[in-house]
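J.: Here's a sequence, model it:
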Amino acid sequence: TDHRVFVKKDRQTDAKSEDKYVFKCLVKKTVTENMEKFLKRKNEVQSYASPSSKAKFIRKYNPDFIKFGFVNGGSEAEPRAQCVECGLTLSNEALKPSKLKRHLETKYPKLIGKPVDYFKRKDDGLQMQRRSIVSLTGDAKCALKASYLVARRVALNKKAFTIAEELVLPAAVDMCREMIGEAAAKKLKTIPLSNDIVSHRIADMASDIEQQLLGRIRKSPFFSLQLDESTDVTNAALLLVFVRYRWDSSLQEDILFCGELPTRATAEECFRCMDNYFTENGLDWQSCVGVCSDGAASMTGRHRGVIKQILDLAPEAKWTHCFLHRENLAAKKMSPEFHEAMDVTVKTINFIKSNAVNSRCFAQLCEGMEADHVKLLYHSEVRWLSRGLVFTRIFELRKEVFSFLTDKKSPLAHHYTNATFIAKLAYLSDIFSLLNQLNISLQGRNSNIFFVADKVPAFQRKLSLWSKRAHEERLDMFPLLSDILESSPQVKISHSVSQHLSQLAEKFAEYFPEDPREGHMWVVDPFSVDPTENDVALPSHLESQLLEVSTDSTLKGQWGKLDLGSFWIVVL
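T.: Here you go, the predicted structure:
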């Protein structure tokens, strides 16, 4: 009996378990089917929007809502209710009389029954407040921009930062008050132009310009550098670095940075200054393809010079000895007799200008004698053009100088009665004026080695020609000297002039020993050079590319329309 009961219970248990299992399966299947149908319908709705779907209903603002204290605080396309009392802006759905009335009764029960004119006056005040905020925001922006513009002019004109607050702003206020009115003058007074603010504005603009320049250089596939180490009036050693880079299908030139050298201007200090700047600003030495500097030992040292250290990091870079430095060095040497004339000139200038009383008396003397100038010029070794300007000025004022030195009983006075000395002074003025013209012609933006290399050989040939003509006593190429010799034919200076010109020619040949364009003239005109017949100093694969360029009619059409740098950027 017990056995039968156990079997019966066991069967009942199995039946119940089976029923539960079947029920769970049915429920799971039903839920899965319903979920699949729901997702299918949702995807269909998202993928295929019904054209008859209900559009969003936008309520319109009714001018009668002003009696509840509400005006339109939104746009005409989607108006919104704004309370004129508290400024609260409600949604578009709240544009119902019942909701607006409820807000008035709940928040401001004392205003119930107020006339419409009361709410209109409140609306006028709200609109005026809104306009004032907009006006103040606009005025603040204009004042900020004006502050930057004034600071920029202060920086461009190299004036003290205090000039903006002490002179520029008061002058502008006075002009506006007289020409426009008091209201405009009051507006100008809101422009912040204190000493510290102008300083911060200039620093902000300088930082922004520097970051723009660095961004351009990073994007440029190559760049070249020009280095110049000098000392300012405070005896601080400075390293100036200029950069030329590619930007917008042309070559651009800018000053990269000016770094102060802490101690001595050695090669290690100069290179460390540059390398630190490159590292801090993410500039890659591998992109440097050219370096130009003077011939100082710190720059051109064979083992630890700045150029050597740069070329170790940028092996593709080429070094160029600055043409301007070489021209200045070549013009320095003079024969003893011309050097004596220069010493007398320098002593004369120092005698007059080093004493304040002498300087004022000389200026008054020049004014009394109706001279074109009233001051002499100082000579400075670092100002290469000053030598020619000094000689020209003292030659023009030689009569005034003689009169002044005679009054002062200076031993230098007798030199200015010597016709030979005056002739030497005239020649030095002429030759250094010509050297200054050469120096200026080598300067300028977008100057390149092909352009300046044409100028120097031409001047060298002129020196040889002038030396030959001077030896033949034909000195008409020097106008000031020629005039002196016409009035003083007894002066014999042709031999000295010829000798000095020969020395100049030798020095120029020493500092410009070779033509840097040799083997690279295809850069100047790729369409007139045949790589198969001329030595173009290029690897074989580049010779093939040059041959393709020289026969490209499209590029030939652009030749002459672009400058040299822009043309080759188009080619590359």
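
J.: As a check, name the ranges of all strands in the stretch 451-572 of the chain.
T.: For the stretch 451-572 of the chain, applying DSSP state E, counting those that start in this stretch gives no strands.

J.: which residue ranges form the helices in it?
T.: Under the criterion DSSP state H, counting those that start in this stretch, the stretch 451-572 of the chain contains helices at 479-487, 494-511, 540-550, 553-558, 564-571.

J.: May I have the secondary structure class of residue 245?
T.: Classification of residue 245 by DSSP: H, G, I helix; E, B strand; the rest coil places it in strand.

J.: Apologies, that question was intended for residue 334.
T.: Secondary structure, three-state DSSP: residue 334 is coil.

J.: cool, the one 10 residues further on as well?
T.: Taking three-state DSSP as the rule, one finds residue 344 in the helix state.

J.: Stretch 202-209: how far from the chain's middle?
T.: Distance, stretch centre to chain centre, for stretch 202-209: 10 Å (CA atoms, centre = their mean, to the nearest Å).

J.: Can I get it in PDB? Just the C-alpha atoms.
T.: The C-alpha coordinates for stretch 202-209 follow below in PDB (Å, rounded to 0.1, in the frame of the first residue of the first chain):
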ATOM      1  CA  ILE A 202      50.200  94.000 -25.700                       C
ATOM      2  CA  ALA A 203      51.300  90.800 -24.000                       C
ATOM      3  CA  ASP A 204      48.100  89.000 -25.100                       C
ATOM      4  CA  MET A 205      48.500  90.200 -28.700                       C
ATOM      5  CA  ALA A 206      52.200  89.200 -28.700                       C
ATOM      6  CA  SER A 207      51.400  85.800 -27.400                       C
ATOM      7  CA  ASP A 208      48.700  85.300 -29.900                       C
ATOM      8  CA  ILE A 209      50.900  86.300 -32.800                       C
END
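
J.: Pull out the buried positions in it.
T.: By 16 or more other CB atoms under 10 Å, the buried positions in stretch 202-209 come out as residue 202. (C-beta placed from N, C-alpha, C; glycine too.)

J.: Then stretch 497-515?
T.: 497-505, 507-508, 511-512.

J.: who's in contact with that stretch?
T.: 326-327, 329-331, 333-335, 338, 427, 431, 453, 456-457, 459-460, 463-464, 466-468, 470-471, 475, 478, 481 (CB atoms under 8 Å, 6 or more residues apart in numbering).

J.: if I look at residue 295, how far off is residue 323?
T.: Here residue 295 is placed at a distance of 11 Å from residue 323 (CB to CB, to the nearest Å).

J.: more neighbours, these two?
T.: Neighbour totals were compared for residue 295 and residue 323, and residue 323 leads with 22 against 12 (other CB atoms under 10 Å).

J.: Now that that one has come up, it's in contact with residue 452, right?
T.: Yes - proximity of residue 323 to residue 452 meets the contact threshold set by CB atoms under 8 Å, at 4.9 Å.

J.: Quickly list what's touching both of these two.
T.: Common neighbours of residue 323 and residue 452 (criterion: CB under 8 Å, 6+ apart): residue 442.

J.: where does the nearest residue to residue 240 once chain neighbours are set aside land in three-state SS?
T.: Distances taken as CB to CB, 6 or more residues apart in numbering place residue 228 nearest to residue 240, at 4.5 Å, with adjacent residues excluded. At residue 228 the chain is in strand, as set by three-state DSSP.

J.: before we move on, what about residue 240?
T.: strand.

J.: Following element in sequence after the lowest-mean-pLDDT helix or strand in the chain, please.
T.: Taking mean pLDDT, DSSP states H and E as the measure, the helix or strand of the chain with the lowest value is helix 2-47, at a mean of 45. Sequence-wise, the next helix or strand downstream of helix 2-47 (DSSP states H and E) is strand 70-72.

J.: what helices or strands is that next one leaning on?
T.: Helices and strands touching strand 70-72, as assessed by 3 or more CB pairs under 8 Å, 6 or more residues apart in numbering; DSSP states H and E, comprise strand 81-83.

J.: What are the contacting residues of the strand it packs on?
T.: With CB under 8 Å, 6+ apart, strand 81-83 has contacts from 61, 65, 69-74, 88-90, 94-95, 100, 103, 107, 126.

J.: Of those residues, keep whichever come out buried.
T.: Neighbour-count burial (16+ other CB under 10 Å) applied to those gives 61, 65, 69-74, 90, 94-95, 100, 103, 126.

J.: Generate a markdown table for those, with distance to residue 143 as supplementary columns.
T.: Converted to a markdown table, the buried ones among the contacts of strand 81-83 look like this (distance: CB to CB, whole Å):
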| residue | distance to residue 143 |
| --- | --- |
| 61 | 37 |
| 65 | 39 |
| 69 | 37 |
| 70 | 36 |
| 71 | 32 |
| 72 | 32 |
| 73 | 29 |
| 74 | 31 |
| 90 | 36 |
| 94 | 39 |
| 95 | 40 |
| 100 | 41 |
| 103 | 39 |
| 126 | 26 |
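
J.: and the closest residue to residue 307 other than its chain neighbours, helix, strand or coil?
T.: The shortest distance from residue 307 to any residue other than its chain neighbours is 5.0 Å, reached at residue 319 (CB to CB, 6+ apart). Three-state call for residue 319 (three-state DSSP): strand.

J.: residue contacts, residue 319?
T.: Neighbours of residue 319 in contact, by CB under 8 Å, 6+ apart: 290, 291, 292, 293, 300, 307, 311.

J.: just these: which has the poorest pLDDT?
T.: Among the contacts of residue 319, residue 300 carries the lowest pLDDT, at 85.

J.: And residue 255, how close does it get to residue 206?
T.: Going from residue 255 to residue 206 by CB to CB gives 11 Å.

J.: likewise residue 306?
T.: From residue 306 across to residue 206, the span is 26 Å (CB to CB).

J.: now do residue 370
T.: Residue 370 sits 47 Å away from residue 206 when distances are taken as CB to CB.

J.: so where's the stretch 301-450 of the chain uncertain?
T.: 381-384 (pLDDT under 70).

J.: can you give me the strands for the stretch 101-250 of the chain?
T.: According to DSSP E, counting those that start in this stretch, the stretch 101-250 of the chain carries its strands in the segments 223-231, 237-247, 250-261.

J.: that older thread, narrow the contacts of residue 319 to those in strands?
T.: Mapping the contacts of residue 319 onto strands (DSSP state E) picks out 290, 291, 292, 293.

J.: So what pairs up with the residue nearest to the first one when sequence neighbours are not counted in the strands?
T.: So the one you mean is residue 290. Spatial nearest neighbour of residue 290, chain neighbours left out: residue 224 (3.4 Å); criterion: CB to CB, 6+ apart. When bridges are called by DSSP bridges, residue 224 pairs up with residue 244, residue 290.

J.: What of the one 5 residues further on?
T.: Using DSSP bridges, the beta-bridge partners of residue 229 come out as residue 239.

J.: and the gap between it and residue 281?
T.: 20 Å.

J.: domain parsing for the chain?
T.: Using automatic domain parsing, the domain parsing of the chain gives 1-55, 63-111, 125-200, 222-321, 331-511, 521-571.

J.: Please tabulate those domains in TSV, including the columns distance to residue 216.
T.: TSV is the format used below for those (distance: least, CB to CB, whole Å):
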stretch	distance to residue 216
domain 1-55	47
domain 63-111	43
domain 125-200	20
domain 222-321	5
domain 331-511	16
domain 521-571	14
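
J.: quick one, which of the strands of the stretch 101-250 of the chain is nearest to residue 407?
T.: strand 223-231 (37.9 Å; CB to CB).

J.: Can you show me the helices along the stretch 151-300 of the chain?
T.: Secondary structure of the stretch 151-300 of the chain, counting by DSSP H, counting those that start in this stretch: helices at 163, 169-179, 182-188, 195-219, 267-280, 297-300.

J.: Give me the contact list for the fifth one.
T.: Contact with helix 267-280 is made by 227, 229, 239, 241, 256-257, 259, 261-263, 283-285, 298-299, 301, 304-306, 309-310, as judged by CB under 8 Å, 6+ apart.
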